[in-house]
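Student: Just to be clear, the model below is a prediction. Sequence and coordinates:
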Amino acid sequence: MNHTFASAPGDMDAAVQHARNRWHRFVRNGPSRGGLVAVHAGNKYLLMAYAPHRYRILGQIVAGRRLAHPHVSQLPGTRRTDDAPSSILVAPPASLRHQGAADSPHLVETPSALALGTQVENYASELEAVLQCQPTIGNHVNVLQHLLGYLKKRVPARERHGLLAIISAYQTVQLPLAAPIERIRHYARVHDINYLLIQTYLGAE
């Protein structure tokens, strides 16, 4: 009997929870710019899977820019879930949530470094919005192919081709998302690829 595995909203529940937990620890331990960079780096592929457009906005905030209109808004290529939890992070003002697409944020340069408190608030608002989006199979495949690139010089070609086949099977809903993620996580551990081992997308806490 053939089975198909459509992407389900709960596929990444654990990874999303790890991202929230990391943010809470970051805030609880005393925010710093270095800590913000580390949080962003460790969530990179989770953010790319959930909302590539917003991932780029988050990167600009980490770089010290600010949102000209810091509304939590909908961007092209993302889809909000109806049952997504609210107030996941350091909660932004209620007036900044659930804005329409016409209020999409854009970034402007600041004459001096953005105050850390404002930087953290802007990042929290955008991160909350990202984690309320529904990732697509296409986004996941893009992320998995990026992760595959880290294995090029470490994993034999035959095994990489096998992983590509698993990714393709996921793309055509013949395998669940867990299949390629578990294989990449295995290679990251075997070859001690630290940047992959810190990724919440691959299950790091």
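Tutor: Arrived safely, thanks for sending.

Student: Just give the nearest non-adjacent residue to the residue nearest in space to the middle of the chain, would you?
Tutor: With distances taken as C-alpha atoms, centre = their mean, Leu47 lies nearest the centre of the chain, 1.5 Å away. The shortest distance from Leu47 to any non-neighbouring residue, by C-beta to C-beta, 6 or more residues apart in numbering, is to Tyr55 (4.2 Å). Where you see a C-beta, it was placed from the backbone N, CA and C, and this is true even at glycine.

Student: Does anything pack onto the helix or strand containing Gln17? Which helices or strands?
Tutor: Element membership for Gln17 (DSSP states H and E) is helix 13-28. With contacts defined as 3 or more C-beta pairs under 8 Å, 6 or more residues apart in numbering; DSSP states H and E, helix 13-28 has these neighbours: helix 33-42, helix 44-50, helix 116-131.

Student: Just after the second one, pick out the following helix or strand.
Tutor: What that stands for is helix 44-50. Remark: after helix 44-50, the chain's next helix or strand is helix 52-62, criterion DSSP H and E.

Student: coming back round to it: please name the residues that touch the residue nearest to the centre of the chain.
Tutor: His40, Arg54, Tyr55, Leu58, Leu127, Val130 (C-beta atoms under 8 Å, 6 or more residues apart in numbering).

Student: State the distance from the fourth one to Asn43.
Tutor: From Leu58 across to Asn43, the span is 9 Å (C-beta to C-beta, to the nearest Å).

Student: Repeat that for the second one.
Tutor: Taking C-beta to C-beta as the measure, Arg54 and Asn43 are separated by 12 Å.
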